[in-house]
Structures are given as structure tokens and as C-alpha cells.
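Asks: Just to be clear, the model below is a prediction. Sequence and coordinates:
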Amino acid sequence: MEATRASVSPSVLFVDQSGQLGGAEFALLQLAGHCAAYSEVVLLSDGPFRTRLEALGARVQVISDARVSGIARQASGWNCLRVLPGIFRQVRAIAARARDFDVLFLNTQKALVLGVLGKPLHRKPVIWYQHDILTRNHFGRVQLTVVKWLVRFAVDQVVVNSQASARSLAALTGVAADSVPVIYNGIDAAAFSRGEGADGAIGAIGADGVDRADIAALRHRLGLPADAWLAGLFGRLAPWKGQHIALDAIARLPGTHLVLVGAPLFGEDAYAQRLHEQAAALGIADRVHFAGFQDDVPAWMSAMDVILHTSTEPEPFGRVIVEGMAAARPVIAAAAGGVTEIVRHRHNGWLVKPGDVGALAEAIGTLRDDPVLAQRLARQARDDARSAFSVEQYLEKMTQAIRRVAR
């Protein structure tokens, strides 16, 4: 019986570097929960991610080293050498756990390095889920070089979260982009359907016939103005996420409010403070709502009239965009990276040039002033999110990839 189970569902050791909740972690949360009966998760630092995993029944082990966790994406070779003892300890610890599983699934770049370096010790097939666009915009030369050679010679299968990520992998490693499976993150559409009425009508975007009372009650519960036109921007507060671009755009739109849902995570508190100062300097502090990190993203999205995505650099995927679509909200997004694989301009959303304040302000104003257009985009967005980015598709494709590697 056990041999039959293993042939269908290989046992998996998942490894992730973060204890915080980001896009990569939300993707792993779904997969680890699905595979909880025959898997374990190793985290390289502790945090709320562990709590969420355990709530789904996943077994979690934390193998942390503060110095290794502190290595930045742009770290130099010298800084990496200084933490070699900690790296070796984590490599051995991961390898020791991997011996008890059929497959080692590495979900982040540090997990990739530490898991693959231990391959001579554990001798298990390795799959890496690449969540990043691998360029010097975000990663140091040393880190990219290490990733390049590990992928070429030690990783059995790379899976990417978008065609954009696949192209960056091909440019870095020489691996053919079309040989790498693209598995888009899955979104639980049912969790984001609160804005719909019993007849499927979409609420909170100003269309005729929409019952605004429910939205007003929701906004009251969340501490948001009941009658304002709200643009919501979801994600950690970081310069490349472009919250400062959104502030400049809102300053050009009297009466429109901006809700920033997210918090600084990786030493970006100074940027968060600058956003507060920017709002005050623009004279819009009363129209900008800093909500901080929120667990109930579906509720917050349902309270918005439009969802913004303002990243100044190409986004590998754009999970928050699909969530906004699943919430049946019109989405305005920066046209770069994996975003263009999700949003079709004026069909299921609105694309603007990254960093273009004028274009962003114009797009927001257009959807605010044309509720019929906003309604049409939101309906198509909802349908596309359900058909192309479902959790069921994601889990099926990912478990198939794991089985192939385990053979």
C-alpha cells in the first residue's frame, strides 16, 4: 500500500527562506496544505508564515541562522564568505531532513542555494519554483552567478511563475525558455467573491443597480470612508512597488482616496516614513489611508472601487493583480514583466507605462468617471481569474511536475 501511495504522491520536503508572507509564500501555502499528509516544510526563519502553514496541518521545522538570513540580494562575495560556517550548518541540516523524502522542493533563491549544495549528502531530485525575474535590477552579480551554475548542473527541474521569469532564466543560464514549465500561481476565487450579489452583479464600482449599503457597512467595519471613491494598492511598502507613484497620481484627482494595504518588511521603514511625508507635502494626507498589513485581503479588496498595481520594475507574476480580478474589481497595472500575461488592455483591465504618473492618473480618472467601462472590465477580469488562475489548475500542474521529478 505504501509503495502505491508513493508512486502517486511522492513525499516532499519543501524549503522556503522566509517566515514572512509574500507572493512566493502564499503559493507554497496552498501547495504545502494540499500535500500536508506526505510532506514537511523547512523554513529558514520564523514568522507568521509558520503559523499559517501549521493551521493547514503542515509539519514545519525552522532551521534558522540570523547571519545567513541577513544576506541581502545584492550581497558581495566577501559578505557571503563571512557567513560560510552558518551556510554549512544549514546545508547539512536541510540534507539530513531531505534524506527522508522523495523530492526536495525549493521555493526561494536562498532555499535553492542551501538545498542544492547539500545534494551530494541527500542525493534526492531537486525542483526549484522560480518566483523572480533574474536580472541585476534586484540581484547581485555573485548571487546570479551561483544561481546560473546550480541550475545548469544540480537542479533536476525548474518551474517558473511566468513567461517573463522563464525568459530571464534563459538569458542567465542558457536553458531554453520553452523547456521550463510555466505554472501560474493559483487564486482562490471563492474567497474573493464577497463583492458580488446573489445574481452575480458586481458591487462597489458605481454601476447602476448596485446596492452600496453592503459596501458602506464593510467600509465602516474597516475604518474607511463610506462614500469616497477608493483606489486600493496592495503589497509591501517598498520603493520598487511604486506607492510614491500612486501618491503623485492621487494628488491630481481631487476627491479620490488612496488606500495602502501593506507594511515595510525588509528594512524599508524609511521608505514608509517618506510616504507619510510625501502625502503631507502634497496636501492629500486626509485622502491617503495607511492600513498596514491585513490578513483579510478579500474584504479589503471588496471595499475598493479600483485596484492599482504601480511597480516600477518588471513584476515576475503579479499575484495581487489576479486577486483584484478575482474580487471583481477593475485593475490598473504597470505594463511590464508577467503582468502583461495577465492583463489585456481595455479587455480585462487597464495597462499603463511603469512610473508614468500622468498615465496612471488618467486611467484612474477614466474608470472613476465611466462606471459602465469599469463594470465591463471587472466582469471580464473576474471570469479570467476563475478560468486561467484557479487554485485547482495550479495544484494539478504542480503535483504533476513533482511526480515527474520523482521518477
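Replies: Structure received. Numbers count the residues shown, from 1 in each chain.
Asks: So which residues make contact with the longest helix along the chain?
Replies: Ranked by residue count under DSSP state H, the longest helix found in the chain is helix 371-388. Defining contact as CB atoms under 8 Å, 6 or more residues apart in numbering, one finds that helix 371-388 is touched by 184, 187, 189, 192, 202, 205-208, 305-306, 322, 324-331, 346-350, 366-368. C-betas here are computed from N, CA, C, even on glycine.
Asks: mind exporting that helix as CSV, just the C-alpha atoms?
Replies: Listed next in CSV are the C-alpha coordinates belonging to helix 371-388 (Å, rounded to 0.1, in the frame of the first residue of the first chain):
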residue,chain,number,x,y,z
PRO,A,371,-18.7,53.2,-14.3
VAL,A,372,-20.0,51.2,-17.2
LEU,A,373,-16.5,50.7,-18.6
ALA,A,374,-15.3,49.8,-15.1
GLN,A,375,-18.1,47.3,-14.7
ARG,A,376,-17.3,45.7,-18.0
LEU,A,377,-13.6,45.3,-17.2
ALA,A,378,-14.3,44.0,-13.8
ARG,A,379,-16.7,41.3,-15.1
GLN,A,380,-14.2,40.1,-17.7
ALA,A,381,-11.4,40.2,-15.1
ARG,A,382,-13.4,38.1,-12.7
ASP,A,383,-14.1,35.5,-15.4
ASP,A,384,-10.5,35.4,-16.5
ALA,A,385,-9.2,35.0,-12.9
ARG,A,386,-11.5,32.0,-12.4
SER,A,387,-10.7,30.3,-15.7
ALA,A,388,-6.9,30.9,-16.0
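Asks: mean confidence for that helix?
Replies: Average pLDDT, helix 371-388: 96.
Asks: tell me the angle of the following helix or strand past that helix relative to helix 371-388?
Replies: Using DSSP states H and E, the helix or strand that follows helix 371-388 in sequence is helix 391-406. On the basis of axes from the mean of the first three to the mean of the last three CA atoms, to 10 degrees, helix 391-406 is oriented at 30 degrees to helix 371-388.
Asks: Now helix 391-406: buried residues?
Replies: Judged by neighbour count (16 or more other CB atoms under 10 Å), helix 391-406 contains these buried residues: 391, 394-395, 397-399, 401-402, 405-406.
Asks: do stretch 45-54 as well
Replies: 45, 47, 49-50, 52-53.
Asks: Repeat that for stretch 249-256.
Replies: In stretch 249-256, counting by 16+ other CB under 10 Å, buried: 249-253, 256.
Asks: Then stretch 157-176?
Replies: 157-170, 172-173, 175.
Asks: where do the strands sit along the protein?
Replies: Assigned strands in the chain, in chain order: 12-16, 39-43, 60-62, 103-106, 126-130, 157-160, 229-234, 256-261, 288-292, 306-308, 331-334, 350-352 (criterion: DSSP state E).
Asks: I'd like those strands laid out as a markdown table, including mean pLDDT.
Replies: Output for the strands of the chain, formatted as a markdown table (pLDDT from 0 to 100):
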| stretch | mean pLDDT |
| --- | --- |
| strand 12-16 | 98 |
| strand 39-43 | 98 |
| strand 60-62 | 97 |
| strand 103-106 | 98 |
| strand 126-130 | 98 |
| strand 157-160 | 98 |
| strand 229-234 | 98 |
| strand 256-261 | 98 |
| strand 288-292 | 97 |
| strand 306-308 | 98 |
| strand 331-334 | 98 |
| strand 350-352 | 98 |
